[in-house]
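# My questions concern the predicted model and sequence given below.
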Amino acid sequence: MSDAVVEVSGLRSQFGERVIHDDLDLTVERGEVLGVVGGSGSGKTVLLNSIIGLKEPEGGTVKLFGHDRAELTKAQAADIERRTGILFQQGALFSSLSVIDNVASPLVEHTRLPKDVIRELAEMKIAMVGLKPESHHLKPAELSGGMRKRVGLARALALDPELLFLDEPTAGLDPIGAGAFDDLIRQLSDDLGLTVFMITHDLDTLYAITDKVAVVADKRIVAKATVQELEQSDHPWIREYFLGPRGRAVRKAA
Ligand SMILES: Nc1ncnc2c1ncn2[C@@H]1O[C@H](COP(=O)(O)OP(=O)(O)OP(=O)(O)O)[C@@H](O)[C@H]1O
């Protein structure tokens, strides 16, 4: 039996007349770290939004943990929300809340745990992403971009999700910060068995931590394979991406 955590079949997405996805299929297996790449405007974020329920598909089905999104009961929707963590591109932190309150917010919303337990759990998550206790009382505006991403990740992990969505997690980080963030995600996946769906433009990330890479082009997923397999692809966009100058530089360094 397949152990798919995400199953997208025949997805059609449109804005007015404009078709973004047409008959798109994608499966994400349990425990997999999947990179999602594609040209600018190819529909990666729209795909993410369709999977997490921020965009209603115009056709096809999206299943999470075996449940069709279109047929969820309220209880199932809440259960899926609890089992899913999301790190948006800009971190999407609450600017008026401190680091610890940001990380605690999903616990406050989704559990009835006592305050001190919530605090302890939030502190654990903050430590897990490599931030020091001194950061607890800082506000998002007082943090560097890399720290903000870590806080966003700690918040995404607050409810111990099985499935984590990341939208360009290393964008805006310097190469050393990005490398450290990659290592952290891989380690979390290995230690906690997390399934990761990660949109990225970062070739270093793809080579360093993904099990498979899905390529969005021509309104569908044109390939889902390892980076080594994609290097052999005949698809023009994939060839340019992996075998162009940037791809060559990354492979040389690897
Ligand atoms: N709310 C919206 N209304 C109309 N068009 C939209 C909307 N959201 C996205 N689009 C269009 O859908 C297409 C896909 O957008 P999407 O953000 O998914 O691209 P992307 O692959 O994530 O790009 P990038 O790598 O540049 O972030 C784009 O052409 C965009 O203009």
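Received, thanks. All values reported here derive from a predicted model rather than from experimental measurement.
# I'd assumed Leu24 was in a strand, is it?
Yes. Membership of Leu24 in a strand is supported by DSSP: H, G, I helix; E, B strand; the rest coil.
# in the sheet, who's paired with it?
Leu11 (DSSP bridges).
# Who are the contact partners of it?
Leu24 makes contacts with 8, 10-13, 47, 60, 216, 219-221, as judged by Cβ atoms under 8 Å, 6 or more residues apart in numbering. C-beta coordinates here come from the backbone N, C-alpha and C atoms, glycine included.
# out of these, which are buried?
8, 11-13, 47, 60, 216, 219-221 (16 or more other Cβ atoms under 10 Å).
# Just the ones in helices from the residues you listed, please.
Leu47 (DSSP state H).
# Nearest to Asp79, out of the buried ones among the contacts of Leu24: which one, please.
Here the nearest of those to Asp79, counting by Cβ to Cβ, is Val8; it sits at 19.4 Å.
# Just list the residues touching the closest one, thanks.
So Val8 contacts 24-27, 47, 50-51, 60-63 (Cβ under 8 Å, 6+ apart).
# ok, now which ones touch the residue nearest to Glu32 when sequence neighbours are not counted?
Leaving aside its sequence neighbours, Glu32 sits nearest to Asp211 (Cβ to Cβ, 6 or more residues apart in numbering; 5.0 Å). By Cβ under 8 Å, 6+ apart, Asp211 lies in contact with 32-34, 226.
# Buried ones in the longest helix belonging to the chain, by neighbour count?
Longest helix in the chain by number of residues, with DSSP H as the criterion: helix 175-192. Going by neighbour count (16+ other Cβ under 10 Å), the buried part of helix 175-192 is 177-179, 181-182, 184-186, 188-189.
# Serialize those to a markdown table and add fields for pLDDT.
Output for those, formatted as a markdown table (pLDDT from 0 to 100):
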| residue | pLDDT |
| --- | --- |
| Gly177 | 79 |
| Ala178 | 84 |
| Gly179 | 88 |
| Phe181 | 84 |
| Asp182 | 90 |
| Leu184 | 87 |
| Ile185 | 90 |
| Arg186 | 91 |
| Leu188 | 87 |
| Ser189 | 89 |
